[in-house]
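[1] pasting a predicted model and its sequence here:
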Amino acid sequence: MHFNSILTGSTVEVASSASLTVFQNMHDFWFNTCFAFLVTHELDAVRHHEWRILPLFNLIKSDELGFQAFTVAHVPLQMLLFHQCYTNSDTQLQWRTGLCIFSIIHLSLHWFYRKHPLYTFHNWLSWSLIAGCAFSGAMYLLQ
């Protein structure tokens, strides 16, 4: 199979089995895209001080302590998600499905909180990350 390189204009020879690998498992593609949007959203969430509106975290009066608690809480959470979603196990499918369902619930939570006085995710980048996560999660669930 031949592909023309957009950057160089040259023709690239690719074995047909390798060229199909990218598209053989769209289920993994949509899950990985959902997960990538979610992790990137969490970076944006730190910028927007999301702990100020999250239940339990919003009880912490010190902004510095809230930031630290929010950040540290993500270490075991991310460890659990990475382990359960990327280890070939009997529960991998359930964890991936749960995360993708959460991505849609997460979008609705952001929609619900959008008028909260401390909510600051009012820009195109924040909403692209949130909606991209939900869209990818929905596509995974529809596969």
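    Great, that's in hand.
[2] which SSE is the residue nearest the centre of the chain in?
    Centroid-nearest residue in the chain: residue 38, 2.0 Å away (criterion: CA atoms, centre = their mean). Using DSSP states H and E, the element containing residue 38 is helix 26-47.
[3] residues in contact with that helix?
    67, 70-71, 74, 78, 81, 85, 96, 99-100, 103, 106, 121, 125-126, 129-130, 132-133, 136-137, 139-140, 143 (CB atoms under 8 Å, 6 or more residues apart in numbering). C-beta: built from backbone N, CA, C; applies to glycine.
[4] those helices in the protein, which residues are they?
    Secondary structure of the chain (DSSP state H): helices at 16-24, 26-47, 63-86, 92-113, 124-142.
[5] out of those, nearest to residue 54?
    Among these, the nearest to residue 54 by CB to CB is helix 63-86 (7.5 Å).
[6] what's the angle from that closest one to helix 92-113?
    On the basis of axes from the mean of the first three to the mean of the last three CA atoms, to 10 degrees, helix 63-86 is oriented at 150 degrees to helix 92-113.
[7] same for helix 63-86, what does it pack against?
    helix 26-47, helix 92-113 (3 or more CB pairs under 8 Å, 6 or more residues apart in numbering; DSSP states H and E).
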